[in-house]
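Engineer: Got a predicted structure here, sequence first:
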Amino acid sequence: MSFTEEKREAIRKYMLNKIREDDSQFLRKTADNFGVSETSVRRYAAACLDAGVIEKNETGRCGYRLKETSVHLDYENDGTLEEDSVYFRDIAPLLREFPQNAGKIWYYAFTEIMNNAIEHSRGSRISIEVKKDCLYTEISVTDNGIGIFRNIQEYVQDKMGINMDAEQAALELYKGRLTTSPEGHSGEGIFFVSKMLTEFALWSDGTVYSWRCEDREHFVKSHLIAYYNRLRGIGTMAVMKLANETARGVKEVFDEYAPLDKGFVKTLIPVGEMCPLGDPVARSQARRILLRLDEFQEIVFDFRNVTFMGQGFADEVFRVFQNAHPDIRITVVNANRDIQGMIAHVKNT
């Protein structure tokens, strides 16, 4: 059977993603997904092995792994470090083969995160790891400073008189428009970086902020291991992952959330990720999420992977908050029928 080049490439990428996940059933799953034989999938694997895209892995579950390159870089944060100089001198040469849109994303994302480490961490050392395979590139930036969540906690306590824990500090990053240095920063960096990347995570003091991470524990720990012996202490570690052939672009992200004629007026609330301990049920959960959201003109609540929402949470968001701020547009996406019914119920109360 002869396939189009498009289908052959789809089979190859699917198989390689399963190998990257170390899925022991990659042969069967690829065959079932595309209606081909496992013998055909074995031929794809053999071709990738011959091309040096994958290599044998006797200790893994699937028997293969993607061939990976890794570069480690260390810097003294001595007051002379500049994020754009580091990018063009040390990072950009590692990404030359990527499409222009991917290069622009990496330039924006890396310089924003590196600037945070330089100017906000209060640390003396910064370490970088760049890992590449045929599908994705991951860049982590780690410092030995105070830690991003502790920094937020101290700022909010001092400026707003609010005592929040590390988890609540992480919630504030999902919303955007919060900076511990308002005289020099707008609080947009992490928000927009996360929307551009395939996956993004921050680790500090055992607390994790993540965006669209399929397995955030593995995603974070795989990078933490590389730093335990390189830094005496880890203040903050940022891990960025982007598909090498991403269709994303910098401009489209800014156009969606911060159009030039309006500014940063729209935010996206991933409800499931902001309620990591359980379903959105309590009013207290809702109030933590709603803190500072009156600064926006539009709020999108994304219920991806959320199966249930309690009446108290729904009432606080979709009746109490909305009635108090009728000019703010609230949009709901990825909500199942039960969640839509609960929203309708509280609105009609």
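Structural biologist: Nice, thanks for sending it over.
Engineer: Now do whichever strand or helix holds residue 137: which elements does it pack against?
Structural biologist: Per DSSP states H and E: residue 137 is located in strand 136-143. When contacts are defined as 3 or more Cβ pairs under 8 Å, 6 or more residues apart in numbering; DSSP states H and E, strand 136-143 sits against helix 100-119, strand 125-132, helix 216-227, strand 236-243. Backbone N, C-alpha and C define where each C-beta goes, glycine included.
Engineer: Below-threshold pLDDT in the stretch 1-150 of the chain: ranges please.
Structural biologist: 1-2 (pLDDT under 70).
Engineer: can you pull out the strands in it?
Structural biologist: In the stretch 1-150 of the chain, the segments counted as strands under DSSP state E, counting those that start in this stretch are 54-56, 64-66, 69-76, 125-132, 136-143.
Engineer: Looking at those strands, which is nearest to residue 213?
Structural biologist: strand 136-143 (11.7 Å; Cβ to Cβ).
Engineer: hang on, isn't residue 163 packed against residue 169?
Structural biologist: No - if you go by Cβ atoms under 8 Å, residue 163 and residue 169 don't touch, sitting 10.9 Å apart.
Engineer: Of those two, give the one with the bigger neighbour count.
Structural biologist: Legend: neighbour count by other Cβ atoms under 10 Å for residue 163 and residue 169, higher for residue 169 (24 against 9).
Engineer: my read: the more buried one touches residue 154, true?
Structural biologist: No - Residue 169 is beyond contact range of residue 154, at 9.5 Å (criterion: Cβ under 8 Å).
Engineer: shared neighbours, those two?
Structural biologist: When Cβ atoms under 8 Å, 6 or more residues apart in numbering defines a contact, no residue borders residue 169 and residue 154 alike.
Engineer: any idea of the mean pLDDT for stretch 212-224?
Structural biologist: With pLDDT averaged residue by residue, stretch 212-224 scores 77.
Engineer: What is the end-to-end distance of stretch 250-268?
Structural biologist: Taking Cα to Cα, to the nearest Å, the span from the opening residue of stretch 250-268 to its closing residue is 17 Å.
Engineer: For the strands of the stretch 1-150 of the chain, state which one has the densest average packing.
Structural biologist: strand 136-143 (a mean of 24; mean count of other Cβ atoms under 10 Å).
Engineer: which neighbours does that one have in its sheet, and in what orientation?
Structural biologist: Here strand 136-143 has these sheet partners by DSSP bridges: strand 125-132 (antiparallel), strand 236-243 (antiparallel).
Engineer: which stretch among the ones you listed comes nearest residue 58?
Structural biologist: Comparing those by Cβ to Cβ, strand 125-132 comes nearest, at 21.0 Å.
Engineer: what distance separates the closest one from the middle of the whole chain?
Structural biologist: Computed by Cα atoms, centre = their mean, to the nearest Å, the chain-centroid distance of strand 125-132 equals 17 Å.
Engineer: what do you get for stretch 112-131?
Structural biologist: That offset, for stretch 112-131, works out to 17 Å (Cα atoms, centre = their mean).
Engineer: from here on, count from 40
Structural biologist: Got it, first residue is 40 now, which makes that one stretch 151-170.
Engineer: What is the end-to-end distance of it?
Structural biologist: Using Cα to Cα, the end-to-end distance of stretch 151-170 comes to 19 Å.
Engineer: Dump the strands of the stretch 40-189 of the chain to JSON lines, plus distance to residue 260.
Structural biologist: Output for the strands of the stretch 40-189 of the chain, formatted as JSON lines (distance: least, Cβ to Cβ, whole Å):
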{"stretch": "strand 93-95", "distance to residue 260": "22"}
{"stretch": "strand 103-105", "distance to residue 260": "17"}
{"stretch": "strand 108-115", "distance to residue 260": "16"}
{"stretch": "strand 164-171", "distance to residue 260": "13"}
{"stretch": "strand 175-182", "distance to residue 260": "12"}
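Engineer: pLDDT wise, what is the closest residue to residue 250 other than its chain neighbours at?
Structural biologist: Closest residue in space to residue 250, ignoring its immediate chain neighbours: residue 233 at 3.9 Å, by Cβ to Cβ, 6 or more residues apart in numbering. The model reports residue 233 with a pLDDT of 93.
Engineer: do the same with the one 5 residues further on
Structural biologist: The predicted local confidence for residue 238 comes out at a pLDDT of 93.
Engineer: dump the residue contacts of the residue lying closest to it once chain neighbours are set aside.
Structural biologist: With sequence-adjacent residues excluded and distances taken as Cβ to Cβ, 6+ apart, residue 238 is closest to residue 280, at 4.2 Å. Going by Cβ under 8 Å, 6+ apart, residue 280 touches 175-177, 236-239, 258.
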